[in-house]
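Trainee: take a look and give me a structure for this.
(one chain, ligands or ions: 3)
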Amino acid sequence: MLHLKTTQFVVTAAQMRDIEGRIFAAGMPVAALMEKVGRLISVCLQSIIPLRPPFQGGLGGSNVGILVGPGHNGGDALVVARELHFQGYQVWIYQPFTKLKELTSQHLQYAQSLGIPCFQELAELPSCDFLIDGLFGFGLEREITGNIAEAINHFNDWNKPIFSIDIPSGLHTDTGEVLGTAIKANYTFCLGLWKQGLLQEQALEYIGKAELIDFDIPLADIHAILGEFPKIKRITKTTVFDTLSLPLPPTTHKYKSGHLLLICGSKRYAGGAILTGLGARASGVGMLSIAVPESIKPLLVSHLPEALIIGCPETETGAISHLQLPPKTDLSSFNAIACGPGLTTDATPIVEQVINSEIPLILDADGLNILAQLGTVPTLRKRKKPTILTPHTGEFHRLFPDIEVKDRVKAVQTAASQTGAVVLLKGARTAISNPQGVVWINSESTPALARGGSGDVLTGLMGGILARVVNKQVNIEDVVAAASWWHSQGGILAVKERTELGVDAFTLTEYLMRVLCDM
Ligand SMILES: NC(=O)C1=CN([C@@H]2O[C@H](COP(=O)(O)OP(=O)(O)OC[C@H]3O[C@@H](n4cnc5c(N)ncnc54)[C@H](O)[C@@H]3O)[C@@H](O)[C@H]2O)[C@@H](O)CC1
Ligand SMILES: Nc1ncnc2c1ncn2[C@@H]1O[C@H](COP(=O)(O)OP(=O)(O)O)[C@@H](O)[C@H]1O
Ligand SMILES: [K+]
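Mentor: Ligands and ions are numbered 1, 2, ... in the order given. Below you'll find the model as predicted:
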């Protein structure tokens with residue numbers, strides 16, 4: 001049995017229900033688990049919003065509004081209500097439902113017996129310093145409408161901090177889609193295991209800062225439902241470190257540390273080639289060759305003195321016309337090829353050539369646009385070595401016009417299965433799938449990376465890691481995940497020192513190395 005940290009697992013609503021079902025069937029009382037979860041949440045809350053000290057002549061405590069739904073999400077919220085009440089907070093309950101699950105109803109009865117005010121009408125609820133959202137968790141099964149929808153919109157307009165229990169009420173647990181309307185939380189306490197919807201891009205505006213509340217789910221129950229090798233996983237530092245193959249063997253030499261060929265750049269987009277090269281430099285790859293149009297070769301040499309710059313014949317428009325490798329070199333000299341950034345769509349023959357090669361290949365940017373133009377996406381299946389495609393949403397649409405990207409996890413799974421490639425769909429929550437549907441989600445990133453050229457850096461970095469480790473026993477999707485994580489962490493580190501506006505693509509390359517120093 002694999003022993004992965006629980007932070008790595010990602011579940012759907014149905015899987016979470018099945019996992020809980022096993023725990024309850026084994027004898028854990030439902031009420032005991034609710035008690036444990038509620039207490040863990042209230043401890044977290046107290047550290048985030050400490051009790052305001054009593055001031056002279058006034059009431060002590062901060063004012064907390066607790067939004068209670070009909071199910072066990074509402075039950076969790078009522079445990080929190082009771083705990084905060086005993087800690088001295090002024091607690092008000094908003095509970096607009098007529099029918100509650102039995103346990104939830106018992107907690108409500110007890111809260112009321114303690115004198116905690118409970119309101120069914122929105123207008124009666126006094127103004128609060130912050131709100132706890134326990135309306136719906138993973139049990140939400142249809143669109144929210146009527147007075148509940150109105151209440152949610154009203155709370156969103158209050159502009160007070162909202163803390164959601166498990167998932168902001170109204171979000172689909174699996175897709176992160178808004179079902180009618182949804183709470184816009186500032187903070188989400190995800191319970192037990194990461195819900196897939198929280199890691200989807202469309203949920204991002206609703207979840208605020210998300211934190212996992214671990215309530216000790218036995219690994220055996222997780223694996224019993226997710227399988228020994230779970231299909232959908234979240235990238236963590238630990239999973240990445242295993243892939244980077246460190247420390248280096250003491251007797252390594254430059255050709256054992258991988259030889260990467262980058263094919264990138266044009267007269268028009270010379271900078272893209274430099275950024276891709278600098279991304280590759282940060283990977284620690286043993287040998288780096290960069291094929292560019294002849295006219296920009298001197299520029300590349302000046303930025304990357306350690307790389308072998310291969311000047312290629314160029315088209316009238318300043319794109320590479322075909323690959324011209326140095327004497328005694330052919331494509332088999334390389335452990336990996338990364339092709340695409342800054343090529344323009346005039347570099348068609350070279351893209352066809354690398355697709356037909358038997359070398360592990362990353363296609364990005366214009367490499368993908370050319371592939372889409374060629375209309376040969378299905379021929380990728382014939383490649384004998386791994387292929388990695390790294391589209392952003394626009395490139396993804398061009399490549400796979402028939403695949404819907406609303407659920408990005410499903411979208412990458414379908415694209416990977418159609419092409420036999422590992423597909424990385426870039427964005428705020430990058431998703432990666434191998435052809436068998438094994439998915440990695442990169443859930444820690446920064447919008448500071450949404451700047452021109454940052455994808456070029458990723459391609460270079462990924463190419464370098466791939467060349468370094470491809471001959472070791474690694475899964476290609478793990479390599480892609482490691483690159484994605486490293487790239488994002490570089491951005492996060494740079495933001496800390498330079499603000500969100502200070503992370504241009506060149507600066508990003510300078511922070512990549514420091515990510516590993518902090519590991
Ligand atoms: N059992 C426990 O003690 C634990 C409970 N947890 C909590 O339990 C939650 C799941 O509980 P439930 O399965 O009771 O589900 P929920 O509390 O999410 O909600 C289900 C209830 O809402 C109703 N409902 C669904 N969609 C609706 C809509 N659109 N409009 C109006 N009513 C709607 C359903 O009929 C049902 O009564 C989790 O999210 C979590 O907060 C777990 O996290 C931890 C363990
Ligand atoms: N809002 C965001 N939050 C986090 N990362 C982002 C966001 N937007 C874009 N990124 C990341 O920035 C990079 C942009 O790549 P890409 O679109 O190819 O840019 P370019 O082609 O200009 O280099 C990708 O790694 C993507 O995941
Ligand atoms: K909730």
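Trainee: show me what contacts the residue in the stretch 351-500 of the chain that ligand 2 sits nearest to?
Mentor: Relative to ligand 2, the nearest point of the stretch 351-500 of the chain is Gly455 (2.1 Å; C-beta to the nearest ligand atom). Any C-beta I mention is one placed from the backbone N, CA and C, and that applies to glycine too. Gly455 makes contacts with Pro341, Asp364, Ala365, Thr390, His392, Lys426, as judged by C-beta atoms under 8 Å, 6 or more residues apart in numbering.
Trainee: and which of these is nearest to Thr459?
Mentor: Asp364 (4.3 Å; C-beta to C-beta).
Trainee: contact partners for the closest one?
Mentor: So Asp364 contacts Ala338, Cys339, Gly340, Pro341, Leu389, Thr390, Pro391, Gly455, Asp456, Leu458, Thr459 (C-beta under 8 Å, 6+ apart).
Trainee: ok, now which ones touch the spatially closest residue to the third one that is not a sequence neighbour?
Mentor: Looking back up the chat, that one is Gly340. Closest residue to Gly340 apart from its sequence neighbours, by C-beta to C-beta, 6 or more residues apart in numbering: Gly367 at 2.7 Å. Counting by C-beta under 8 Å, 6+ apart, Gly367 touches Ile263, Cys339, Gly340, Pro341, Leu343, Val351, Val354.
Trainee: tell me which two in these are the farthest apart.
Mentor: Across the contacts of Gly367 (C-beta to C-beta), the longest gap, 13.6 Å, separates Pro341 and Val354.
Trainee: in terms of neighbours, single out the busier of these two.
Mentor: Neighbours of Pro341 and Val354, each counted by other C-beta atoms under 10 Å, are more numerous for Pro341; the result is 31 against 23.
Trainee: correct me if wrong: the more buried one contacts Thr276.
Mentor: Yes - using C-beta atoms under 8 Å, Pro341 is in contact with Thr276, at 4.7 Å.
Trainee: name the residues contacting each of the two.
Mentor: Residues touching both Pro341 and Thr276 (C-beta under 8 Å, 6+ apart) are Cys264, Gly265, Asp456, Thr459, Gly460.
Trainee: among those, which ones are buried?
Mentor: For those, a burial check counting by 16 or more other C-beta atoms under 10 Å picks out Cys264, Gly265, Asp456, Thr459, Gly460.
Trainee: now, the residues you listed that are in helices?
Mentor: Asp456, Thr459, Gly460 (DSSP state H).
Trainee: what are the ranges of the strands in the stretch 351-500 of the chain?
Mentor: Using DSSP state E, counting those that start in this stretch, the strands of the stretch 351-500 of the chain run over 361-363, 387-389, 422-425, 431-433, 439-441.
Trainee: which other helices and strands does the longest one contact?
Mentor: If you count contacts as 3 or more C-beta pairs under 8 Å, 6 or more residues apart in numbering; DSSP states H and E, strand 422-425 packs onto strand 387-389, helix 408-419, strand 431-433, helix 476-498.
Trainee: partners of it in the sheet?
Mentor: In its sheet, strand 422-425 lies beside strand 387-389 (parallel), strand 431-433 (antiparallel), with partners assigned from DSSP bridges.
Trainee: got TSV for these, with mean neighbour count and distance to ligand 2 too?
Mentor: Listed next are the strands paired with strand 422-425 as TSV, based on neighbours: other C-beta atoms under 10 Å; distance: least, C-beta to the nearest ligand atom, whole Å:
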stretch	mean neighbour count	distance to ligand 2
strand 387-389	26	12
strand 431-433	28	10
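Trainee: right, and these - which one's nearest Ile132?
Mentor: strand 431-433 (30.5 Å).
Trainee: re the thing from before, reformat the ones in helices among the buried ones among the shared contacts of Pro341 and Thr276 into CSV and put pLDDT next to each item.
Mentor: Below are those laid out as CSV (pLDDT from 0 to 100):
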residue, pLDDT
Asp456, 98
Thr459, 98
Gly460, 98
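Trainee: and which of these is nearest ligand 1?
Mentor: Closest approach between those and ligand 1, by C-beta to the nearest ligand atom: Thr459, at 39.2 Å.
Trainee: helix, strand, or coil at Leu261?
Mentor: Under DSSP: H, G, I helix; E, B strand; the rest coil, the three-state class of Leu261 is strand.
Trainee: returning to what we had before: can you lay out the strands of the stretch 351-500 of the chain as CSV showing distance to ligand 1?
Mentor: Formatted as CSV, these follow (distance: least, C-beta to the nearest ligand atom, whole Å):
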stretch, distance to ligand 1
strand 361-363, 39
strand 387-389, 36
strand 422-425, 28
strand 431-433, 23
strand 439-441, 20
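Trainee: relative to ligand 3, how far out is Ala467?
Mentor: Taking C-beta to the ion, to the nearest Å as the measure, Ala467 falls 45 Å from ligand 3.
Trainee: revised request: answer the last question for Ile359.
Mentor: With C-beta to the ion as the criterion, Ile359 and ligand 3 are 49 Å apart.
Trainee: thought Val64 was touching Tyr89?
Mentor: Yes - the criterion here is C-beta under 8 Å, and Val64 meets it with Tyr89 at 5.1 Å.
Trainee: settle it for me: which of those two has more neighbours?
Mentor: Tyr89 (25 against 22).
Trainee: quick one, phi/psi of that one?
Mentor: Per-residue torsions, Tyr89: phi -70, psi 150 (degrees, to the nearest 10).
Trainee: which residue packs closest to the closest residue to ligand 1 within the stretch 301-450 of the chain, ignoring adjacent ones?
Mentor: Nearest to ligand 1 in the stretch 301-450 of the chain, going by C-beta to the nearest ligand atom, is Ser443, at a distance of 18.9 Å. Nearest-residue entry for Ser443: Leu199, 4.8 Å, with adjacent residues in sequence omitted and distances by C-beta to C-beta, 6+ apart.
Trainee: max pairwise distance over the contacts of Asp364: which two?
Mentor: The most widely separated members of the contacts of Asp364 are Leu389 and Asp456, with 15.4 Å between them, by C-beta to C-beta.
Trainee: lovely, talk soon.
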